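Q: return atomic coordinates for the entry below.
(one chain, ligands or ions: 1)
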Amino acid sequence: MNYVGNFILTHSAILSFTEKSLCATIGAMSIYSETNQKQRIYFNSGDTLSYDFRMKNLKALKEALKNNEERILNALQLDLGKSPFEGYATELGIVYEEIGWLEKHLRKLMRPTRAKTPITQFYSRSYILHEPMGTVLIMSPWNYPLQLTMVPLAGAIAGGNTAVVKPSRYSKNTSSVMIDILKSAFHEKYIAAFDGGHETNTALLAERWDMIFFTGSPNVGRIVHQAANEHLTPCILELGGKSPVIIDSSADIPLTARRIAWRKFLNAGQTCVAPDYILAEKSIIPSLIDSLESEIEKMFSSNPLSSEDLPKIINEKHFQRLRGLMEDANVIYGGKSNENERRISPAIIYPASWNNRIMQEEIFGPLLPILEIEGIDEAIETVRSHEKPLALYIFSRKKENIRKVLSSLSFGGGCVNDTVVHLTAPELPFGGIGNSGMGCYHGRRSFEAFTHDKAIMDKSLLLDLPVRYAPFKGKLRLLKMLMR
Ligand code: NAD
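A: Okay, the predicted model is just below:
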């Protein structure tokens with residue numbers, strides 16, 4: 001029997017005991033405790049472990065989404081004003097690709113990995129079992145509500161876990177469609193989803209999980225980390241922050257402007273890896289501004305507030321926050337707003353300074369400040385003196401400048417001469433560092449995020465070298481030969 005098979009049998013054998021004891025305690029629990037316990041029992045049954053089960057449920061997830069595409073795209077339009085094209089390109093399409101990647105590689109990912117055994121442990125076999133974390137909690141934000149819930153969930157399924165999902169209340173239409181879809185497609189003992197605000201979040205975080213996967217702001221990330229600390233629960237935190245774009249004087253300015261504008265104003269700037277601000281060499285700033293303006297007009301016309309392709313701000317609170325960020329800023333282009341529709345036209349702010357309110361928090365909206373730098377060294381010093389960003393982008397034709405930036409600065413991930421697209425490659429890990437997060441996912445890393453690498457050394461019974469046992473007298477020379 002293979003290792004996975006052994007693991008399943010062991011789990012089934014202990015189920016009868018744990019099921020009885022856990023069922024006895026369920027009694028008058030909250031819905032969250034009850035679901036947590038039911039999922040624990042189900043996980044211990046071993047049902048979620050086999051390749052067939054995981055595969056079947058990855059397919060079930062994809063099918064449930066396919067059957068509800070229209071509802072999902074409508075909900076995204078209601079919550080964020082995303083056009084069906086944008087909804088598909090940045091949410092559904094990405095989830096399908098991730099599920100497809102996991103389906104294709106699942107068998108190989110689940111296989112134990114062989115590892116070398118040191119000569120001192122002759123004769124044994126070493127290998128790593130990729131065991132599921134267990135019962136996991138996934139909490140997601142509102143900006144890409146579908147993608148940031150379903151991509152981690154696909155990883156949890158591929159990893160052989162049970163999962164409780166808690167989407168954001170702000171994206172209420174999409175969250176409600178997702179909860180409905182998950183409830184119809186899966187039994188709650190395997191995958192459950194809850195609606196709710198602060199009380200629900202707090203109650204869920206009070207439960208004991210085998211792993212928490214959280215996507216959201218650094219501030220709430222701290223709360224989640226503290227809650228996880230109570231049980232030393234492993235956490236993946238996918239957070240945010242201010243992601244800079246560095247542009248030197250050698251950059252191809254029209255192309256740079258197009259590649260920045262394209263992703264900065266996607267989802268009205270409400271993207272965790274959107275360029276937050278630009279650090280540009282002074283000599284190129286006038287042509288950069290001209291090119292940015294012309295790109296904005298190409299994408300959204302000269303009256304962006306009337307464009308169907310400009311998404312809206314998620315709610316009144318964020319709309320007013322963004323308007324507030326413009327109060328002490330020098331807006332030289334755009335920045336007009338329509339309060340009824342919660343739309344803000346793409347704005348360029350120049351010159352911006354770190355004293356402006358806009359530079360003191362993650363913008364998360366269609367406002368683009370530009371700061372002057374003397375050269376690459378100043379850009380490096382500036383970025384270094386702030387929190388480690390989730391993403392960083394450098395536009396340059398000078399290899400030396402690119403090398404310097406990539407080797408001197410710590411950040412989650414990024415692009416050379418482009419923005420945001422690093423997250424579309426399943427082979428690239430996606431995650432932050434320090435204030436912008438811990439851990440990563442996508443593709444193989446999603447499987448790794450939701451599994452634990454259990455190290456096993458399987459020792460032969462045929463040979464038992466006496467050198468390792470006391471008395472040690474006269475054995476040091478041999479030990480020194482073996483352990484050099
Ligand atoms: P948020 O931190 O306010 O909320 C995220 C989730 O946490 C939501 O489900 C919310 O209901 C829950 N939550 C809110 N307050 C809570 C509390 N006190 N206790 C427990 N749970 C709580 O983030 P948001 O406003 O939904 O999203 C925007 C932030 O998320 C930005 O900082 C952005 O950069 C970041 N983000 C990061 C990524 C990434 O992949 N790294 C992706 C999208 C968004």
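
Q: tally of neighbours for Gly439?
A: Gly439: 19 surrounding residues under other Cβ atoms under 10 Å. Where you see a C-beta, it was placed from the backbone N, CA and C, and this is true even at glycine.

Q: how is the protein divided into domains?
A: Per automatic domain parsing, the structural domains of the chain span 3-239+439-453, 244-431.

Q: can you add mean pLDDT and distance to the ligand and give these back as JSON lines?
A: What follows is these, written out as JSON lines (pLDDT from 0 to 100; distance: least, Cβ to the nearest ligand atom, whole Å):
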{"stretch": "domain 3-239+439-453", "mean pLDDT": "92", "distance to the ligand": "3"}
{"stretch": "domain 244-431", "mean pLDDT": "97", "distance to the ligand": "3"}
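
Q: out of those domains, which gets nearest to Pro471?
A: With Cβ to Cβ, the closest approach to Pro471 among those belongs to domain 3-239+439-453: 18.3 Å.

Q: so which of the domains of the chain comes closest to Ala470?
A: Closest approach to Ala470 among these (Cβ to Cβ): domain 3-239+439-453, 16.1 Å.

Q: surely Gly437 touches Pro389?
A: No: the criterion here is Cβ atoms under 8 Å, and Gly437 misses it with Pro389 at 10.4 Å.

Q: any residues in contact with both of these two?
A: Common neighbours of Gly437 and Pro389, using Cβ atoms under 8 Å, 6 or more residues apart in numbering, are Gly412.

Q: not counting residues beside it along the chain, what's closest to the residue of the stretch 151-300 of the chain found nearest the ligand?
A: As assessed by Cβ to the nearest ligand atom, the ligand sits closest to Gly240 within the stretch 151-300 of the chain, at 1.8 Å. Leaving aside its chain neighbours, Gly240 sits nearest to Cys272 (4.6 Å; criterion: Cβ to Cβ, 6 or more residues apart in numbering).

Q: mind listing what's buried in the helix or strand containing Pro286?
A: Per DSSP states H and E, Pro286 falls inside helix 285-300. Buried residues in helix 285-300, counted by 16 or more other Cβ atoms under 10 Å: Ile285, Leu288, Ile289, Ser291, Leu292, Glu293, Glu295, Ile296, Glu297, Met299, Phe300.

Q: hmm, who's touching that helix?
A: So helix 285-300 is in contact with 247, 253-254, 256-258, 260-262, 265, 278, 280, 304, 307, 309-310, 332-334, 345-346, 348, 350, 368, 370, 372, going by Cβ under 8 Å, 6+ apart.

Q: which of those residues fall in strands?
A: Judged by DSSP state E, strands contain the following of the contacts of helix 285-300: Ile247, Ile278, Ala280, Ile332, Tyr333, Ile348, Leu368, Ile370, Glu372.

Q: my guess is the first one contacts Tyr277. True?
A: No: between Ile247 and Tyr277 there is no contact, the gap being 11.3 Å when judged by Cβ under 8 Å.

Q: could you look up the SS state of Glu327?
A: Secondary structure state of Glu327, per DSSP: H, G, I helix; E, B strand; the rest coil, is coil.
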